[in-house]
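S.K.: Coordinates only, no sequence provided:
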């Protein structure tokens, strides 16, 4: 509704949406004409800016649509237009305006190196022989430092009422009572199927029943992941330790072993330096252990109903160390016919799996010619043998010797120096990289747990920038003003003991690696818009044709004659510019006067090129 004062405005006062809007905002005051004009001008200017912005966006999205269609991606075109039309989500970045960036490629490689003699703490020593730790001793020793003392882990097992899930009684078991190696814990912690208990959980419940003061074989049990009141701060619950195991398992299974070639800059193409004899010895021992386990199991199964159930349970548990799923005995104790039938059925399934692994192992050995194979072929052969024995997830670290030991040693010694004498710079880089790199994030999570629980492992990163150069600066640092990036562009980040001797045989684990491009400070760019000119253009001259015979109507022949006569007249009038500039001489009362007619003639001017190598008008060829 308009303000009442508007009724008394002069007739020439403009009214419209702007005036009505302004009057509604002012409420009590009727604006004068000058104020309305000023408001209208300001609003019109803003509307013009908005119109220009909408027009610019329209041009940009049309260009993006055309670009995506030309690239063969019509779905991207539709999604871009839909995002703009609906406004429910921000439109994607426009690729049509992107400029390819040039820069310098850097290689970052994060590895863990192990040297010397592998050894685990006394807390991991047990009477049980671990086939996994024998096949991979260096990784087993490092995992022991990541996991800490298993005796700290207190597993509370509860017997429950299956109908009400009420806890009836509970007993406690220390994790070291399972007599598992660090690698056994790593590989047994993961479940094979959804909602299925892991091998570690099955072993805990199995040991809880078989203890002298254990539960009855038919008891319904569960593991309480929580802590109990009164525990010391150094004690860990099953749930807490499971999280530590999960992080370590993801780290190990997401990495792979390295060789000597990966401790030098990629362009060097070094030899692998793997000790084939040492790796083959490990594979032979593992194959012999697998043969023995399969032979013992099959021998017990062949006895039929007279089978020794305790011996069968022991062989089944031994088979679990080869990564065979479902090898923990289903019948924990007892010698009833039902127990015998269950174990015989389970044993037959496990024996079949072991036989299949032996068949794959035999096929590998039969198809490999050691005499013609290279060092890399022999290394891959032994790695394939070990994975056939323990399963594909099994990680193997070959032992190797590096050819660039001197440069690597000097580069590691200069770790703090290349970081501008700040050894903590690499920690900042590591924390930032862990937010965007999965491999670094897995390592970060595992080491954080180890440091928090004081298991024995801690972050100890050093930089080795290769090729080695004295007074070098790490490529992971921000560039200084006026200084370019170092020519040594291979950044090797090493997690190892400070006393590792790189001149001696080592093993290593590749945690993560990536190549990143440092963009150049300046870039030459451009944008090209191509469009078709209009097919029609305004005429540059007009020829008015008059019929030669007014009594005869126009026809095609007469019009053609007019055009040909026009061309003949144009050719007759054509003269050279030099002739026009000479002009003529006229004699008057004041004497001879030089006259120039170049200002008036010719009426038409055409360029002529007698060589015929450019555009030219030749009237001699006109008919």
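M.R.: Structure's in. What do you need? This structure is a prediction, so every number in the text was calculated from the model and none was measured.
S.K.: Can you give me every residue that contacts residue 498?
M.R.: residue 460 (C-beta atoms under 8 Å, 6 or more residues apart in numbering). Where C-beta positions appear, they are placed from N, C-alpha and C, glycine not excepted.
S.K.: secondary structure class for residue 511?
M.R.: Recorded secondary structure, residue 511: strand (DSSP: H, G, I helix; E, B strand; the rest coil).
S.K.: so residue 142 sits in a helix?
M.R.: Yes - under three-state DSSP, residue 142 falls within a helix.
S.K.: Can you list phi and psi of the nearest residue to it once chain neighbours are set aside for me?
M.R.: Leaving aside its sequence neighbours, residue 142 sits nearest to residue 114 (C-beta to C-beta, 6 or more residues apart in numbering; 6.1 Å). Taking degrees, to the nearest 10, you get phi -130, psi 130 for the backbone angles of residue 114.
S.K.: and stretch 231-246, what's its mean pLDDT?
M.R.: The average pLDDT within stretch 231-246 is 94.
S.K.: how about residue 274, phi and psi?
M.R.: Taking degrees, to the nearest 10 as the convention, residue 274 sits at phi -80, psi 140.
S.K.: How many neighbouring residues does it have?
M.R.: Residue 274 has 25 neighbouring residues, counting by other C-beta atoms under 10 Å.
S.K.: Equivalent analysis for residue 154, please.
M.R.: When neighbours are counted by other C-beta under 10 Å, residue 154 registers 19.
S.K.: ok, now which ones touch it?
M.R.: Applying C-beta under 8 Å, 6+ apart to residue 154 gives the contacts 172-174, 228, 231, 235-238.
S.K.: Apply 6 Å and report the result again.
M.R.: Counting by C-beta atoms under 6 Å, 6 or more residues apart in numbering, residue 154 touches 172, 235.
S.K.: what secondary structure does it sit in?
M.R.: strand.
S.K.: Identify the spatial nearest neighbour of the residue nearest the centre of the chain, chain neighbours not counted.
M.R.: By C-alpha atoms, centre = their mean, the chain has its centre lying nearest to residue 437, at 7.4 Å. Spatial nearest neighbour of residue 437, chain neighbours left out: residue 512 (5.4 Å); criterion: C-beta to C-beta, 6+ apart.
S.K.: Residue 279 too?
M.R.: Distances taken as C-beta to C-beta, 6+ apart place residue 382 nearest to residue 279, at 4.5 Å, with adjacent residues excluded.
S.K.: and the one you found, backbone torsions?
M.R.: phi -70, psi -40.
S.K.: Look up phi and psi at the nearest residue to residue 309 once chain neighbours are set aside.
M.R.: Counting by C-beta to C-beta, 6+ apart, residue 309 lies nearest to residue 335, which is 5.3 Å off, once chain neighbours are set aside. The phi and psi torsions at residue 335 (degrees, to the nearest 10) take the values phi -140, psi 30.
S.K.: The residue nearest to residue 142 against residue 139, yeah?
M.R.: No - look at residue 114 against residue 139 with C-beta atoms under 6 Å: they stay out of range, at 7.8 Å.
S.K.: And stretch 64-74, how far out from the chain middle?
M.R.: 25 Å (C-alpha atoms, centre = their mean, to the nearest Å).
S.K.: Check stretch 436-446 too.
M.R.: On the basis of C-alpha atoms, centre = their mean, stretch 436-446 sits 13 Å off its chain's mean C-alpha point.
S.K.: buried stuff in it?
M.R.: Across stretch 436-446, burial judged by 16 or more other C-beta atoms under 10 Å covers 437, 439-446.
S.K.: With stretch 207-227 instead?
M.R.: Buried-residue list, stretch 207-227, by 16+ other C-beta under 10 Å: 207-209, 214-215, 219, 221-224.
S.K.: out of the residues you listed, which are inside strands?
M.R.: Of those, the ones assigned to strands by DSSP state E are 221-224.
S.K.: residues of the top helix by length along the chain that come out buried?
M.R.: With DSSP state H setting the assignment, residue counts place helix 33-70 as the longest helix in the chain. Using 16+ other C-beta under 10 Å as the burial criterion, the residues of helix 33-70 that qualify are 36, 39-40, 61, 64-65, 67-68.
S.K.: now stretch 367-378
M.R.: Neighbour-count burial for stretch 367-378 [16+ other C-beta under 10 Å]: 368, 378.
S.K.: If you average the pLDDT over that stretch, what comes out?
M.R.: Stretch 367-378 shows an average pLDDT of 91 in the prediction.
S.K.: now stretch 509-516
M.R.: The model assigns stretch 509-516 a mean pLDDT of 95.
S.K.: Now it: buried residues?
M.R.: Applying 16+ other C-beta under 10 Å to stretch 509-516 flags 509-513 as buried.
S.K.: Stretch 327-335 now?
M.R.: Buried, per 16+ other C-beta under 10 Å, within stretch 327-335: 327-329, 331-332.
S.K.: from those residues, which single one is nearest residue 160?
M.R.: residue 332 (16.9 Å; C-beta to C-beta).
S.K.: Contacts only, for the nearest residue to the closest one once chain neighbours are set aside.
M.R.: Leaving aside its sequence neighbours, residue 332 sits nearest to residue 209 (C-beta to C-beta, 6+ apart; 4.5 Å). Neighbouring residues of residue 209 by C-beta under 6 Å, 6+ apart: 215, 217, 332.
S.K.: same deal with residue 345?
M.R.: Contact partners of residue 345, counting by C-beta under 6 Å, 6+ apart, are absent.
S.K.: Now do the closest residue to residue 346 other than its chain neighbours, the pLDDT please.
M.R.: Using C-beta to C-beta, 6+ apart and skipping residues adjacent in sequence, the residue nearest residue 346 is residue 330, 5.5 Å away. pLDDT, residue 330: 93.
S.K.: per-domain residue ranges of this protein.
M.R.: The record assigns the chain these domain ranges, following automatic domain parsing: 4-86, 276-319+331-397, 556-621.
S.K.: Flag the shaky bits of the stretch 401-550 of the chain, pLDDT-wise.
M.R.: Scanning the stretch 401-550 of the chain for pLDDT under 70 picks out 526-540.
S.K.: Strands along that one, start to end?
M.R.: Taking DSSP state E, counting those that start in this stretch as the test, the strands found in the stretch 401-550 of the chain are 461-466, 490-495, 506-519.
S.K.: Please determine how far the spatially closest residue to residue 357 that is not a sequence neighbour is located from residue 396.
M.R.: Nearest residue to residue 357 in three dimensions, chain neighbours excluded: residue 388, at 5.8 Å (C-beta to C-beta, 6+ apart). Distance, residue 388 to residue 396, by C-beta to C-beta, to the nearest Å: 12 Å.
S.K.: likewise residue 452?
M.R.: For residue 452, the distance to residue 396 equals 30 Å [C-beta to C-beta].
S.K.: and these two? which has more neighbours close in?
M.R.: Applying other C-beta under 10 Å to residue 452 and residue 396 shows that residue 396 carries more neighbours, namely 22 against 9.
S.K.: Distance-wise, check the more buried one relative to residue 362.
M.R.: Counting by C-beta to C-beta, the gap from residue 396 to residue 362 is 20 Å.
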